[in-house]
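> fold the following for me, if possible:
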Amino acid sequence: MKKILVSPSRYVQGEGELKNLGVYLKPFGEKALLVASSEDQARVQTQLDEAMGKESFELISCGFNGECSKVEVARIREIAGKTSYNVIIGLGGGKAIDTAKTLGYYEKKPVVVVPTIASTDAPCSSLAVLYTEEGTFDEYIFFGKNPDLVLVDVELIAKAPTRFLVAGMGDALATYFEARSCERSFANNIPGGKSTKTALAAAKLCYEILLEDSLKAIAASDSNVVTPALENIVEANVLLSGLGFESSGLAAAHAIHNGLSVLDETHHYFHGEKVSFGTLVHLILENAPTSEINEVINYCKKVGLPTCLKDLGITDNSQEKLMPVAIASCAEGETIHNMPFPVTPQMVLAAILAADKLGQ
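Purely as a prediction, here's the structure:
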């Protein structure tokens with residue numbers, strides 16, 4: 001049985017590490033193309049200036065328009081084609097990071113990822129989620145290579161709005177349950193092998209850290225300070241969830257997220273907020289023990305994650321409204337087919353309605 005574990009080449013996490021960016025860029029070159037929104041770049045410009053003062057390197061800013069789409073990737077590729085550079089930096093949230101990784105894939109350049117929020121497990125992975133310009137899920141794109149460096153400055157993350165951190169908890173929440181389902185079904189992971197025990201252990205540790213440290217990390221984030229609990233949650237959201245999902249596999253929770261994206265009401269909710277409800281639907285689908293479902297619901301309510309459709313802006317829970325969600329969740333190639341049993345749209349619809357009732 002072929003087992004595969006993938007990870008970024010290097011993961012660095014600490015306070016003030018963005019100020020050392022030049023040191024980390026040295027192996028790649030001194031000219032970097034920066035994919036970041038103007039707002040995100042302005043937020044960290046002081047640290048970037050200090051980094052350039054410590055080590056000489058050049059940043060070529062190409063902006064980011066907010067959506068990881070084929071249109072946005074094409075726009076930045078046009079800019080990239082008119083300049084010379086050695087390395088691509090993706091700075092900001094998951095969509096900016098996914099755009100930078102996609103650019104690196106097409107342009108065959110090394111990629112450095114600098115998350116300024118811990119809202120998803122995108123930073124460490126070798127894939128990107130593409131959306132339409134309207135924000136509806138389009139497709140996954142797989143690169144076959146993880147980022148060359150993930151640089152996490154927890155001081156920046158502590159100063160970001162807490163909602164981002166909590167959304168990251170929602171994304172990380174799915175990791176263990178999806179990894180477990182993939183193991184049971186002998187599903188292939190993202191790189192095309194079976195899960196290693198190391199990846200499963202990372203997924204389980206991710207869940208254990210969430211249960212232990214989330215409330216303490218929220219208190220730290222609300223106070224804009226770094227504590228051991230916040231550092232642990234950042235590691236869970238970014239590294240452990242990334243290792244767990246990519247090297248074990250995705251299943252129903254993320255497919256439900258993709259299905260929910262067909263509803264306009266959900267577009268202003270974060271990825272992890274939709275995934276948290278998808279996790280509850282996942283557990284209903286597999287008829288998980290009541291104690292486990294209750295543990296997940298109670299956790300979500302304590303940290304402020306959605307547990308029902310109303311929490312995602314969906315007030316019409318009719319079957320007519322939700323069947324397109326169920327159908328999209330079961331589309332050909334969707335990760336819901338990694339569950340240890342065949343899944344149909346009707347099963348998903350039933351699970352969504354049951355999860356909504358329990359989550360209320």
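
> now do the contacts for the residue most central in space within the chain.
Central residue of the chain (CA atoms, centre = their mean): residue 120, 2.8 Å from the mean position. Contacts for residue 120 (CB atoms under 8 Å, 6 or more residues apart in numbering) come out as 93, 94, 167, 168, 171, 237, 271, 272. (C-beta placed from N, C-alpha, C; glycine too.)

> break this protein into its domains for me.
11-158, 162-359 (automatic domain parsing).

> closest one to residue 4 among these?
domain 162-359 (3.2 Å; CB to CB).

> measure that closest one end to end?
From its first residue to its last, domain 162-359 covers 22 Å (CA to CA, to the nearest Å).

> picking that back up, so can I have CSV of the domains of the chain showing mean pLDDT?
Shown next, in CSV, are the domains of the chain (pLDDT from 0 to 100):
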stretch, mean pLDDT
domain 11-158, 95
domain 162-359, 97
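
> of all the ones you listed, which lies closest to residue 1?
Using CB to CB, the nearest of these to residue 1 is domain 162-359, at 5.5 Å.

> re earlier: so what's the residue nearest to the centre of the chain closest to, chain neighbours aside?
Closest residue to residue 120 in three dimensions, ignoring its sequence neighbours and counting by CB to CB, 6 or more residues apart in numbering: residue 94, at 3.8 Å.

> now do residue 344
Of all residues not flanking residue 344 in the chain, residue 330 sits nearest, at 6.5 Å (CB to CB, 6+ apart).

> my read: residue 355 touches residue 280, true?
Yes. Using CB atoms under 8 Å, residue 355 makes contact with residue 280 at a distance of 4.4 Å.

> who has more neighbours out of the two?
In this view residue 355 and residue 280 are compared by other CB atoms under 10 Å, and residue 280 has more residues nearby, 30 against 25.

> residue 254 versus residue 336, what's the distance?
Distance, residue 336 to residue 254, by CB to CB, to the nearest Å: 8 Å.

> strands along the stretch 51-200 of the chain, start to end?
58-61, 87-92, 111-115, 127-131, 137-142, 149-153 (DSSP state E, counting those that start in this stretch).

> distance to residue 314 and mean neighbour count added to those, as TSV?
As requested, those are exported to TSV (distance: least, CB to CB, whole Å; neighbours: other CB atoms under 10 Å):
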stretch	distance to residue 314	mean neighbour count
strand 58-61	38	16
strand 87-92	28	27
strand 111-115	29	28
strand 127-131	19	22
strand 137-142	16	16
strand 149-153	33	25
